[in-house]
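> Sequence first, then the predicted structure, then my questions.
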Amino acid sequence: MAMAMAKATRARRPTRAGPIVFMAAVAVAIASSACASDQRPSLGTFDTDATAVETVINDAGTALAAGDVAAFVDLWTDDGLQEVFSESTETFDRQSGYYVRAKQWSLGSPTQTDVSGTTASTVALLSFRLVGAARRFSLVQVGGAWKIDAADLTTTDVPAVQLVQVTLDRSRLGFDASAIHSGDIALDVRNPTSDVHELNIITVPASMDMADFFAHPERQAELPEGQSMPTGMDFIGGIPRIQPGAEVTMVFRQPLPAARYVLFCNVEDGSGTPHARLGEFAAFTIE
């Protein structure tokens, strides 16, 4: 799901898989608190339009909370679905719709809304499973109704948590695990390269050799029917398609519980080799 450009690993409905199925999915856009009413005109076109724009985001959040795929898709343009979820209107139900019905996506309240004629933007937190990131949603008027047409990753302030920096690179992940002191964290993720990256997070057994795991996926046993990750591992969430030069705040919907975690990028290079296999991963432990 998500932000257009090179193919990143995508979340799929659990099926009988090969050696390993990495579930990567979008995450995205934090909402700070909404502007106080006295910061806008109490009457006028701007206020009315902003309210209509914010209603679309709130309705999308309500549809996700209810697992209502049709209501959710109806609030998007086809271009918007392609950019954010890598799905068309026609394919969304049978692909990404599985995760909507399972209520694994959530959307926070909008803020920083700006309206200019028939276009508008607002910031909200789109989360998959435990992971979210700040996104600025772009909306357009279609047939007199506002529709979500795009969403760009952005940064946001996350008060009362430790902000840890992560730097993406094809053969390494710049990350200081020793800087993490508790599960109350957020990640400041930066992509200074000319490549598209993603950042996924999974839990893994304490004894697992991750270098060997990523370098030799063929050694992993075939997964049983209905199991999407090897035993002892769980996909927490991720941010796909982080564009060159981008910076985004990865946030967690709750403090991370005690476990061993691995951050990794599974985007493939020109030869088809996943970045994680080249060394773009890092582990940390929450005690």
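Done, it's in.
> Going by contacts, tell me the helices and strands next to the longest helix along the chain.
Using DSSP state H to define each element, the chain has its longest helix at helix 45-66. Contacts of helix 45-66 with other secondary structure elements, assessed using 3 or more C-beta pairs under 8 Å, 6 or more residues apart in numbering; DSSP states H and E, are made with helix 69-73, strand 105-107, strand 111-116, strand 119-128, strand 131-142, strand 145-153. C-beta here means a position set from N, CA and C on the backbone, and glycine is covered the same way.
> any idea where the helices of the stretch 151-287 of the chain begin and end?
210-215, 275-278 (DSSP state H, counting those that start in this stretch).
> mean pLDDT for the ones you listed: which is lowest?
Note on the helices of the stretch 151-287 of the chain: lowest mean pLDDT is at helix 210-215, with a mean of 93.
> What residues sit buried inside that helix?
Neighbour-count burial for helix 210-215, counted by 16 or more other C-beta atoms under 10 Å, picks out 210, 213, 214.
> What of stretch 160-175?
Of the residues in stretch 160-175, those buried under the neighbour-count criterion (16+ other C-beta under 10 Å) are 164, 166, 168, 169, 170, 173, 175.
> would JSON lines of the residues you listed with distance to residue 256 and pLDDT be doable?
Written out in JSON lines, the entries for these read as follows (distance: C-beta to C-beta, whole Å; pLDDT from 0 to 100):
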{"residue": "164", "distance to residue 256": "11", "pLDDT": "96"}
{"residue": "166", "distance to residue 256": "14", "pLDDT": "97"}
{"residue": "168", "distance to residue 256": "20", "pLDDT": "98"}
{"residue": "169", "distance to residue 256": "24", "pLDDT": "96"}
{"residue": "170", "distance to residue 256": "26", "pLDDT": "93"}
{"residue": "173", "distance to residue 256": "17", "pLDDT": "96"}
{"residue": "175", "distance to residue 256": "15", "pLDDT": "94"}
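> Could you report the neighbour count for residue 55?
Residues lying near residue 55 (other C-beta atoms under 10 Å) number 13.
> Enumerate every residue touching the residue lying closest to it once chain neighbours are set aside.
Counting by C-beta to C-beta, 6 or more residues apart in numbering, residue 55 lies nearest to residue 146, which is 8.0 Å off, once chain neighbours are set aside. When contacts are counted by C-beta atoms under 8 Å, 6 or more residues apart in numbering, residue 146 is found next to 52, 53, 55, 56, 120, 139, 140.
> which two in the residues you listed are spaced the farthest apart?
By the measure C-beta to C-beta, these have their two most distant members at 55 and 140, which lie 15.2 Å apart.
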